[in-house]
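A.B. asks: turn this into a model:
(4 chains)
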2 protein chains.
Amino acid sequence: MARSPKSAGKGRKLSNFLCFAIYSANLAFGRAYKPLLDKVGLTYTQYIALVALSDEDEQTVGTLGEKLFLESNTLTPILKKLEQMALIKRHRDPADERQVRLSLTPAGRKLIEQDLGGSLREATGLGDDFAVVQKTVSRLRDNLLRATKADD
Amino acid sequence: MARSPKSAGKGRKLSNFLCFAIYSANLAFGRAYKPLLDKVGLTYTQYIALVALSDEDEQTVGTLGEKLFLESNTLTPILKKLEQMALIKRHRDPADERQVRLSLTPAGRKLIEQDLGGSLREATGLGDDFAVVQKTVSRLRDNLLRATKADD
DNA sequence: GGATTATAAATCGTATCCGATCTAATCGGA
DNA sequence: TCCGATTAGATCGGATACGATTTATAATCC
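C.D. replies: The predicted structure follows:
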């Protein structure tokens, strides 16, 4: 990844790597959410998946994967776990037996409506920049994915 | 779509979650680096660890972990792999046998000096905002970790 | 000095990610 | 209509993350 133009001496400074800032910020978010999610028995990824599922009922694994930038190899085990916890329902679509439809159970919806991470907005220390950063990082992600897909 | 979503309700939009922007941007960086790192047989985390190790010779697992925000449970297997690839050396510190000292081999240093991710700066599409985003996200990370540690 | 405590790394079990592959179901062209 | 190609999920193996525990060494206290 790109670094600042200056690399005197021995190594490249980690602090100049945007990828490392993102990588470590992701770890930090996971740790910030941990105590909140432990209370309800969810992992970070399970929580994100549940939020995405709250967007719409009867999504397929594929469409959910497009939202989360993940595929069935990662999602299937997570979704089975969420079903096992009675937070979602999974069933094959009768109109196309290849697809699996996903919906929150009342328990799952109730859990999501608690706004579990609400207290974290302040912890980011971003103040009014919160929305700007969110948009900028999303744009960064989209640009990277587009560029990556482009030279396949 | 044949079926109409019965709930429509209150889902929280994933697009409003800063944590998801960071989470997915991290996935995107990993995928952008993948083809570059495959050429040299490194994984994303191994590469980040190697960059951190290029900063200084004779670091311990603990000090490396402070830079990477990781601990020995995660680092030890990665460092053993890097040693096995002859990119670093590991040895117990004679002055304190509890500690393991880490240094790049010439091959490891040579690999890092290639600036493998250089081509990705452009792919971020951030232009002159690159450095600003890098600093803002680092600050976000530090704030989150501080807040998380604070109410332990 | 010997026992207790603290520290550094390693180990172990669980849960992601991800490439590769597999299976089942659907589609499509001759 | 038939059969190969495509598609959607699921499965599998390797590599992180991470809490909890273990081992080995060092520091501290009485």
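
A.B. asks: got any ranges where chain A has weak pLDDT?
C.D. replies: A:1-11, A:151-152 (pLDDT under 70).

A.B. asks: show me what contacts the spatially most central residue of chain A?
C.D. replies: Closest residue to the average C-alpha location of chain A: A:Ile48 at 4.8 Å, with Cα atoms, centre = their mean. By Cβ atoms under 8 Å, 6 or more residues apart in numbering or on different chains, the residues touching A:Ile48 are A:68, B:14, B:17, B:19-20, B:23. Backbone N, C-alpha and C define where each C-beta goes, glycine included.

A.B. asks: A:Thr45 now?
C.D. replies: Contacts of A:Thr45 by Cβ under 8 Å, 6+ apart are A:Ile78.

A.B. asks: please identify which pair of the contacts of A:Ile48 lies farthest apart.
C.D. replies: A:Leu68 and B:Cys19 (12.6 Å; Cβ to Cβ).

A.B. asks: before we move on, back to that, from A:Lys149, how far out is the residue nearest to the centre of chain A?
C.D. replies: Distance from A:Ile48 to A:Lys149, counting by Cβ to Cβ, to the nearest Å: 22 Å.

A.B. asks: tell me which parts of chain A are close to DNA strand D?
C.D. replies: Residues of chain A lying near DNA strand D by Cβ under 7 Å from any atom of the strand: A:23, A:27, A:30-31, A:34, A:60-62, A:65, A:71-73, A:75-77, A:79-80, A:90, A:96, A:98-100.

A.B. asks: and the buried ones among those, selectable in ChimeraX?
C.D. replies: Applied in ChimeraX, the following selects the buried portion of the residues of chain A next to DNA strand D according to 16 or more other Cβ atoms under 10 Å in any protein chain shown:
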select /A:23,27,30,60,61,65,75,79,99,100
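
A.B. asks: check which helices and strands the longest strand seen in chain A is in contact with.
C.D. replies: Counting residues, the longest strand found in chain A (DSSP state E) is strand A:96-104. Contacts defined by 3 or more Cβ pairs under 8 Å, 6 or more residues apart in numbering or on different chains; DSSP states H and E place strand A:96-104 against helix A:44-53, strand A:59-60, helix A:61-68, strand A:88-93.

A.B. asks: and among those, the most buried is which?
C.D. replies: helix A:44-53 (a mean of 22; mean count of other Cβ atoms under 10 Å in any protein chain shown).

A.B. asks: which residues of chain A fall in helices?
C.D. replies: All helices of chain A, identified by DSSP state H, fall at A:18-38, A:44-53, A:61-68, A:72-84, A:106-112, A:120-123, A:130-150.

A.B. asks: any residue of the fifth one touching DNA strand C?
C.D. replies: To tie it back to what came earlier, the one meant is helix A:106-112. No. Helix A:106-112 lies out of reach of DNA strand C by Cβ under 7 Å from any atom of the strand, never closer than 14.7 Å.

A.B. asks: centre of the chain versus that helix, how much separation?
C.D. replies: Its chain's C-alpha centre lies 18 Å from the corresponding centre of helix A:106-112 when counted by Cα atoms, centre = their mean, to the nearest Å.

A.B. asks: got the buried residues for it?
C.D. replies: A:108-109, A:111-112.

A.B. asks: which of those sits closest to DNA strand D?
C.D. replies: For those, the closest approach to DNA strand D (Cβ to the nearest atom of the strand) belongs to A:Gly108, at 17.1 Å.

A.B. asks: what's the distance between the closest residue to that closest one other than its chain neighbours and chain B?
C.D. replies: Spatial nearest neighbour of A:Gly108, chain neighbours left out: A:Leu87 (3.6 Å); criterion: Cβ to Cβ, 6 or more residues apart in numbering or on different chains. Remark: distance between A:Leu87 and chain B (Cβ to the nearest Cβ, to the nearest Å) = 14 Å.

A.B. asks: quick one: contacts for A:Leu87?
C.D. replies: Counting by Cβ under 8 Å, 6+ apart, A:Leu87 has contacts A:50, A:104-105, A:107-108, A:111.

A.B. asks: recalculate using a threshold of 6 Å.
C.D. replies: For A:Leu87, the contacting residues are A:105, A:107-108, by Cβ atoms under 6 Å, 6 or more residues apart in numbering or on different chains.

A.B. asks: for A:Leu116, phi and psi?
C.D. replies: phi -60, psi -30 (degrees, to the nearest 10).
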